[in-house]
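Colleague: Just a sequence and a predicted model for now, questions to come.
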Amino acid sequence: MSPAMGARATEVGAVLVRGGEIVGRFQSLMRSGAWVPPFIEQLTGITNAMLERAPPARAVMRELMRFTQGTPLVAHCTVSNIDFSTQCEPVQDVAVPKQVIAFPPSKMIVAGSRHACAVTTDGFMRCWGDNNRGQVANLQMITVAPLTADPTSTGQPLLQNCSTCTIAPVTVFGALVSGANGSPLDVAGAGGETTCASLTGSSSACWGRNPVSYPFGVAVTSIDAGATHACAVTSIGTQCWGEGNSGQLGDGRSSSLGGINAPAPVNVITNATYTQVSAGRTHSCALTTDGLVQCWGRNAEGQLGTGSFVTVIATPVPSLL
């Protein structure tokens, strides 16, 4: 079986190994025009319907080139694998990228303290910036060529003093944050050192400083991260997690002595139904189904919009709009 016989690759996977440790992972289905016979669908679990929704093979191979960045390639049946890959890109470009390929248009952008992420129209989330807490991706430092208007850019580092920074978008792969499995990625949030994403009708997750994951079946319609906490509007209620000393979790707790931290989501104490939530530095706000705004958390600077400067309000209160 070879490309000369009409065969095409349907998926690709790679890992980066440094010092004997896996520091990066890449995996994606790809749409190459191949037809999968029924017995192969049963054998592999990869269906023609899945491949129809997958990114084009050219786009996937370009992402793989960025991921490998000229590192030595070790693979099973390497010559055959490279032969398949040449159906998408020149073989020399797989090992040594010659130019920066622009990403598809973006439909959503979110940003944290020192990182940012975009959801592109092909269903992927791409992040860049400081990765000190794994908020860009749960990987070690990834060296990538900068995305610039110059197609001949050599990708020289722009941040010489940031050992954990990525200076151009890195595609975040995986079932939780990739629309390649047919579930559109249309809910995302970022703040502080945390990033979140949700697939419609599927699962949701946050990674970085305040990691958490919601299982399949729990719908997340809004999700956002603050400096040290995060919140989500879900089918099981509005919940927050992370640091809660200033009452920003909305569960009635606060402490001037510190020590309040919820590694798992806790319920916001409210009778209202929310459609959207936004997390600030030490406070949170949500929009009700009636179009009203409620906030909770630190209020020393009046950020809850209540008309007072009560230092902390640990459960939702109406804002004066």
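Modeller: Thanks, I have the structure now.

Colleague: Quick check: Ile223 touching Asn210?
Modeller: No. In this structure, Ile223 is not within contact of Asn210 by Cβ atoms under 8 Å, at 11.3 Å. (C-beta placed from N, C-alpha, C; glycine too.)

Colleague: Which residues are in contact with each of those two?
Modeller: The contact sets of Ile223 and Asn210 overlap at Ala230 (Cβ atoms under 8 Å, 6 or more residues apart in numbering).

Colleague: can you give me the helices in the protein?
Modeller: Per DSSP state H, the chain carries helices over the ranges 38-44, 48-53, 57-68, 78-85, 91-95.

Colleague: And the contacts of the first one?
Modeller: Just to be clear, that refers to helix 38-44. Against helix 38-44 from outside (Cβ under 8 Å, 6+ apart): 36, 46-48.

Colleague: What is the burial count for Ile260?
Modeller: Here the number of neighbours of Ile260 (other Cβ atoms under 10 Å) works out to 18.

Colleague: Ok, Ala116 next?
Modeller: If you count neighbours by other Cβ under 10 Å, Ala116 ends up with 16.

Colleague: That one: what's it in contact with?
Modeller: Applying Cβ under 8 Å, 6+ apart to Ala116 gives the contacts 109-110, 127-129, 190.

Colleague: now do 10 Å
Modeller: Counting by Cβ atoms under 10 Å, 6 or more residues apart in numbering, Ala116 touches 109-110, 126-129, 136, 169, 190, 195.

Colleague: Scan those residues and report the most crowded one.
Modeller: Neighbour counts for the contacts of Ala116 peak at Thr195, which has 35 neighbours (criterion: other Cβ under 10 Å).

Colleague: Show me what it is bridged to.
Modeller: Beta-bridge pairing of Thr195, defined through DSSP bridges, involves Ala190, Trp207.

Colleague: Run through the residues that contact it.
Modeller: Here Thr195 is in contact with 110-112, 115-117, 125, 127, 129, 133-137, 172, 177, 188-189, 205-211, 223, 225, 230 (Cβ under 10 Å, 6+ apart).
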